[in-house]
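Asker: Quick one, fold the following:
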Amino acid sequence: MSNLIEGHVASVNADGDLVTDISIEQIINVPRDESVRIIFGGHETIGLYPDPHDQPAATMVAKLSNSGFLEVGIVGISLSEMLGINVGEPVKIEW
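Answerer: So this is what the prediction gives:
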């Protein structure tokens, strides 16, 4: 049986990253390996990364942001503009 945390995109930051309403405290015990999937708007990314991270340009990452909430972005690209994801979109974390 898998574990699940559900939330939504709460805002889009200046870089076009999706800021969720899933707090860092909610995911403190979620693994940081490839068993974790973040699913939103028909897309998904694998793993949770610190912020800052060393992922290469154009990589989609879910990061533990200094904002205190999970953020999803594409390194160097506005994820919101590229994929058309907006506030209110459901977000799931499964592992």
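Asker: This structure: helices as residue ranges?
Answerer: 79-83 (DSSP state H).
Asker: What is the longest strand of it by residue count?
Answerer: Ranked by residue count and defined by DSSP state E, the top strand of the chain is strand 4-12.
Asker: buried stuff in that strand?
Answerer: Within strand 4-12, the residues that count as buried by 16 or more other CB atoms under 10 Å are 5, 7, 9-10, 12. Any C-beta I mention is one placed from the backbone N, CA and C, and that applies to glycine too.
Asker: packing partners for it?
Answerer: On a contact count with 3 or more CB pairs under 8 Å, 6 or more residues apart in numbering; DSSP states H and E, strand 4-12 meets strand 18-23, strand 90-94.
Asker: that older thread, quick one: the buried residues of strand 4-12 as JSON lines, columns for distance to H43 and pLDDT too.
Answerer: Output for these, formatted as JSON lines (distance: CB to CB, whole Å; pLDDT from 0 to 100):
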{"residue": "I5", "distance to H43": "17", "pLDDT": "97"}
{"residue": "G7", "distance to H43": "15", "pLDDT": "98"}
{"residue": "V9", "distance to H43": "12", "pLDDT": "98"}
{"residue": "A10", "distance to H43": "18", "pLDDT": "98"}
{"residue": "V12", "distance to H43": "15", "pLDDT": "95"}
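Asker: what would those look like in CSV with distance to I28?
Answerer: Converted to CSV, those look like this (distance: CB to CB, whole Å):
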residue, distance to I28
I5, 11
G7, 15
V9, 21
A10, 19
V12, 24
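Asker: So which of these is the closest to V91?
Answerer: Nearest to V91 out of these is G7 (CB to CB; 4.9 Å).
Asker: who's that closest one bridged to?
Answerer: V91 (DSSP bridges).
Asker: contacting residues around it?
Answerer: 20-22, 70, 90-93 (CB atoms under 8 Å, 6 or more residues apart in numbering).
Asker: Restricted to buried residues, select these in PyMOL.
Answerer: Buried residues within these, by 16+ other CB under 10 Å, are selected in PyMOL with:
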select buried, resi 20+22+70+91+93
